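1. got a predicted model here, sequence first, then my questions.
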Amino acid sequence: MCVDYRDLNRASPKDNFPLPHIDVLVDNTTQHAFFSFMDRFSGYNQIMMLPEDKKKTTFIALWGTFCYKVMPFGLKNARATYQRAMVTLFHDMMHKEIEVYVDDMIAKSKMLEQHIEDLRKLFLRLRKYKLWLNPAKCTFGVKTGKLLGFVVNEDGIKVDPDKVKAIREMPVRGFLGRINFISRFISQLTATYSPIFKLLRKKQRKEWDTECQKAFEKIKHYLENPPVLVPPTPGRSLILYLTVLEESMGCMLGQQDATRRKEQAIYYLSKKFTECEARYSALERTCCALVWVTKRLRPYMLSHTTWLVAKNDPSSTSSKSPP
């Protein structure tokens with residue numbers, strides 16, 4: 001049943017309880033040997049409404065007037081309320097044995113025996129609070145699986161092939177809109193699709209040409225075999241490769257593997273400069289790019305020493321005394 005709660009939502013103050021950062025959650029899940037992916041059965045409906053709030057969910061049907069005893073779908077703060085409930089009930093297991101994103105729950109373990117123990121602990125907790133799972137949407141004891149649009153396994157993080165296929169078959173405007181979802185996997189994305197981006201501007205007379213087609217085909221070809229990313233290993237420094245062009249910037253955050261002989265990619269980022277930023281000097285554009293990158297990659301840089309590799313060194317110039 002679908003009830004229109006737009007008026008109620010407009011009158012409701014926003015609950016700012018945070019949802020997990022998807023990139024961090026995916027990083028925390030990968031590089032385990034065994035996974036179990038679980039989905040709760042009508043998860044929102046397993047949260048009881050406060051007695052004084054039940055009347056606020058009142059709706060009229062052909063056979064009478066009713067209100068919800070449980071939290072219905074469509075409420076403004078339903079996701080935040082549900083996430084708060086999960087954190088309250090499973091806080092001692094989160095980021096260790098399990099990860100939780102609203103009604104999606106993932107158990108992860110290095111060894112099969114440990115995975116069985118983790119599941120037993122989780123099931124006892126679910127039974128204690130009378131929470132139900134949907135068996136049709138649960139997968140237990142697998143070595144790889146789909147999580148929030150990505151594929152996670154012991155090797156690292158991959159793009160969901162079904163998502164890639166759907167994106168590749170989209171028209172240009174839809175293609176560029178959806179490609180941002182997997183931009184973490186694509187090096188120099190902004191610089192690559194710059195010809196197409198210019199075409200989509202308002203009052204732009206430019207037509208689709210050979211340059212646009214080449215950019216379009218290059219991205220589609222790249223998606224045929226996207227890279228496998230890895231989460232950062234605690235205790236090892238990160239390396240940030242920063243490339244600054246006249247109209248855009250791109251970077252790759254990486255880390256050396258255990259042998260210290262091979263570097264592994266963690267995250268790709270790119271950004272188009274605004275018209276004002278594009279007029280900056282090379283050094284100013286580098287500083288501008290560095291500020292933006294550190295904000296976007298803050299969860300990684302807070303817990304690791306990060307080495308910067310760039311053509312322009314902001315620190316060497318800014319430390320000089322003025323003439």
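-> Noted; the coordinates are in hand.

2. show me the helices in the stretch 201-323 of the chain, by range?
-> 210-222, 275-278, 282-296, 298-301, 314-318 (DSSP state H, counting those that start in this stretch).

3. with distance to Leu62 added, can I get those helices in JSON lines?
-> Glycine gets a C-beta too; all of them are placed from N, C-alpha and C. Compiled in JSON lines, these are given as follows (distance: least, C-beta to C-beta, whole Å):
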{"stretch": "helix 210-222", "distance to Leu62": "51"}
{"stretch": "helix 275-278", "distance to Leu62": "57"}
{"stretch": "helix 282-296", "distance to Leu62": "51"}
{"stretch": "helix 298-301", "distance to Leu62": "51"}
{"stretch": "helix 314-318", "distance to Leu62": "68"}
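
4. go through those helices and name the closest to Ala85.
-> Closest to Ala85 of the helices of the stretch 201-323 of the chain is helix 298-301 (C-beta to C-beta; 24.1 Å).

5. pLDDT (mean, whole number) over that closest one?
-> For helix 298-301, mean pLDDT rounds to 92.

6. now stretch 271-282
-> Across stretch 271-282, the average pLDDT comes to 90.

7. could you do stretch 312-323 as well?
-> 59.

8. likewise for stretch 212-227?
-> In this model, stretch 212-227 carries a mean pLDDT of 81.

9. kindly export it (C-alpha atoms) in CSV.
-> The C-alpha trace of stretch 212-227 is given here as CSV (Å, rounded to 0.1, in the frame of the first residue of the first chain):
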residue,chain,number,x,y,z
CYS,A,212,32.9,13.7,-29.0
GLN,A,213,32.5,10.2,-30.5
LYS,A,214,36.1,9.3,-29.6
ALA,A,215,35.6,10.4,-26.0
PHE,A,216,32.3,8.4,-25.8
GLU,A,217,33.9,5.3,-27.2
LYS,A,218,37.0,5.6,-25.0
ILE,A,219,34.9,5.6,-21.8
LYS,A,220,32.8,2.7,-23.0
HIS,A,221,36.0,0.8,-23.9
TYR,A,222,37.4,1.5,-20.5
LEU,A,223,34.3,0.0,-18.9
GLU,A,224,34.9,-3.3,-20.6
ASN,A,225,37.7,-4.0,-18.2
PRO,A,226,37.6,-1.6,-15.2
PRO,A,227,40.4,-1.9,-12.6
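
10. in it, which residues are buried?
-> Applying a neighbour-count criterion of 16 or more other C-beta atoms under 10 Å, one finds 212, 215-216, 219, 223, 227 buried in stretch 212-227.

11. pipe these into TSV and attach distance to Lys130 per row.
-> Below are the buried residues of stretch 212-227 laid out as TSV (distance: C-beta to C-beta, whole Å):
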residue	distance to Lys130
Cys212	57
Ala215	54
Phe216	52
Ile219	48
Leu223	44
Pro227	43
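
12. which two of these have the greatest separation?
-> The span of the buried residues of stretch 212-227, defined through C-beta to C-beta, is set by Cys212 and Pro227 at 24.8 Å.

13. circling back: right, so of the helices of the stretch 201-323 of the chain, which gets closest to Glu169?
-> helix 210-222 (9.6 Å).

14. got the buried residues for stretch 230-247?
-> 230-232, 238-245, 247.

15. state the mean pLDDT of that stretch.
-> pLDDT averaged over stretch 230-247 gives 92.

16. can you check the distance spanned by that stretch, start to finish?
-> The straight-line separation of the ends of stretch 230-247 (C-alpha to C-alpha, to the nearest Å) is 29 Å.

17. number of nearby residues for Asp92?
-> Using other C-beta atoms under 10 Å, Asp92 has 10 neighbouring residues.

18. again, but for Tyr68
-> For Tyr68, using other C-beta under 10 Å, the count is 21.

19. next, give phi and psi for Val102.
-> Main-chain torsions, Val102, degrees, to the nearest 10: phi 50, psi -110.

20. that older thread, how about the buried residues of stretch 230-247 in JSON lines, adding distance to Val293?
-> Below are the buried residues of stretch 230-247 laid out as JSON lines (distance: C-beta to C-beta, whole Å):
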{"residue": "Val230", "distance to Val293": "19"}
{"residue": "Pro231", "distance to Val293": "18"}
{"residue": "Pro232", "distance to Val293": "15"}
{"residue": "Leu238", "distance to Val293": "12"}
{"residue": "Ile239", "distance to Val293": "13"}
{"residue": "Leu240", "distance to Val293": "7"}
{"residue": "Tyr241", "distance to Val293": "11"}
{"residue": "Leu242", "distance to Val293": "7"}
{"residue": "Thr243", "distance to Val293": "11"}
{"residue": "Val244", "distance to Val293": "10"}
{"residue": "Leu245", "distance to Val293": "14"}
{"residue": "Glu247", "distance to Val293": "17"}
